[in-house]
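Asks: only geometry, no sequence info:
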């Protein structure tokens, strides 16, 4: 038993261990978990005690995929670093992975980019990790890996599309990057879509006239994602390294990967999807509100959504990322007849866990709440090499906790959320369960569903 006084003890928290729900007391000192004990054990004296009776206690959630403060052309996303991370904290998220601007230049440019993005950390109310986004920079792949590790990036993000905006990485560079990353802690994160299919269809529609949001499923078809995902999986099977396939949108893609690369899944191939692909189909791109549901990759057919749900319930998806990137309704409407210049993206960082918790509660004999929490915590921490510091309730881990009230019943409204967007695609949805409190580094940032203005270092 700990002999020193704790800063904080969380008492009577319900914790999932090996598919069993146990009540525990957690002792925290200097930002670390120092002891986890049965709730019947009083534990050390504490400067503060919080009674978590009736609450589930999870390792603080990690969102591996957010876009806070994103500038796309002339448009700025609704949430900046501060508002986005406050919204995240209300969703039980204690750490986020944002992206650097896309690097196209030299080693000097990388140094400047690192210094610039590192300065934004003080604006976050969660803890920050960064993906290094690149587009075939003027740096050899071997040198890029060396520099990325030196600057403590956990991953390098590449795009197999967006050649029209200069963000695409060629297959040749990607293969060399995978080879160079082999045996290192670096993960290659990939936005996988077939560029030539997309460019061909963009040109065809442009020649025919107006391009609208309703054209999005045609512009970026499922086969585009399936082909590109299989192509990069084949590369990693040949070259080595590890890849993280971001925002997979279709059950067809998961099907194909599991069929062709089963031995590599969870070892060198990791799969992420987002809540909006599990909740919405391309039906939402056919009505008057189509512009409000544009994201890339796009929403898929109902058949593909159901297939994706099947894989989710079977536990075949490793992680959940929100891909949080909201733009105001008036911004999207401005481009409703000029889709190719419309900024894409949806909000989602605050609602991710509770949305999927509600999906889970609608099914019998599927994945457990414990397994769901891993998709938001330990699985992500393992992929990016920050476990057990993050994503863990083990003694010695950072005291990042999400306390979840499974009995809260509420309706999604803009007033109930904490981001700055003027609409939310889930508005009106009735949910059961809500984050009650969020603790980062041993300090409450959300307590009893209220914001505590503590700056996170």
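Replies: Yes, it's here. In this text the structure is predicted, and so the values were computed from the model without any measurement.

Asks: Spatially central residue for the chain, please.
Replies: With distances taken as C-alpha atoms, centre = their mean, residue 321 lies nearest the centre of the chain, 2.2 Å away.

Asks: mind listing what the residue nearest to it when sequence neighbours are not counted touches?
Replies: In this structure, residue 321 finds its nearest non-sequential neighbour in residue 65, 3.0 Å apart by C-beta to C-beta, 6 or more residues apart in numbering. Bear in mind the C-beta positions are built from the backbone N, C-alpha and C, glycine included. Taking C-beta atoms under 8 Å, 6 or more residues apart in numbering, we find residue 65 in contact with 97, 246-247, 272, 274, 321-324.

Asks: And these, which is closest to residue 379?
Replies: Using C-beta to C-beta, residue 272 comes nearest to residue 379 of these, at 9.7 Å.

Asks: and the closest one, how many neighbours?
Replies: Around residue 272 there are 22 other residues, counting by other C-beta atoms under 10 Å.

Asks: got a list of what residue 339 touches?
Replies: By C-beta under 8 Å, 6+ apart, the residues touching residue 339 are 211-213, 215-216, 219, 294.

Asks: And it, how close does it get to residue 332?
Replies: The gap separating residue 339 from residue 332 is 10 Å, by C-beta to C-beta, to the nearest Å.

Asks: hey, what's in contact with both of these two?
Replies: residue 294.

Asks: on that earlier part again, I'd like the contacts of residue 65 written out as a markdown table, with secondary structure and pLDDT added.
Replies: Below are those laid out as a markdown table (DSSP: H, G, I helix; E, B strand; the rest coil; pLDDT from 0 to 100):
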| residue | secondary structure | pLDDT |
| --- | --- | --- |
| 97 | strand | 98 |
| 246 | coil | 98 |
| 247 | coil | 98 |
| 272 | strand | 99 |
| 274 | coil | 98 |
| 321 | coil | 98 |
| 322 | coil | 98 |
| 323 | coil | 98 |
| 324 | strand | 98 |
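
Asks: Next, give me the two most distant ones among the contacts of residue 339.
Replies: That would be 211 and 294, which, of these, are the farthest apart (C-beta to C-beta) at 11.6 Å.

Asks: Helix or strand with the lowest mean pLDDT in this protein?
Replies: strand 71-72 (a mean of 91; mean pLDDT, DSSP states H and E).

Asks: quick one, phi psi at residue 342?
Replies: Backbone torsions of residue 342, given as degrees, to the nearest 10, read phi -80, psi 130.

Asks: give me the number of residues near the residue nearest to it when sequence neighbours are not counted?
Replies: Once flanking residues are discounted, residue 342 sits nearest to residue 335: 3.6 Å by C-beta to C-beta, 6+ apart. When neighbours are defined as other C-beta under 10 Å, residue 335 has 20 of them.

Asks: ditto for the one 10 residues further on
Replies: By other C-beta under 10 Å, the residues close to residue 345 number 22.

Asks: That one and residue 332, how far apart?
Replies: Counting by C-beta to C-beta - residue 345 and residue 332 are separated by 9 Å.

Asks: shared neighbours of the two, which are they?
Replies: residue 294.

Asks: for the residue nearest to the centre of the chain, what are its contacts?
Replies: Contacts for residue 321 were tallied using C-beta under 8 Å, 6+ apart; they are 63-66, 246-247, 272-274.

Asks: By neighbour count, which of these wins?
Replies: Neighbour counts for the contacts of residue 321 peak at residue 63, which has 31 neighbours (criterion: other C-beta under 10 Å).
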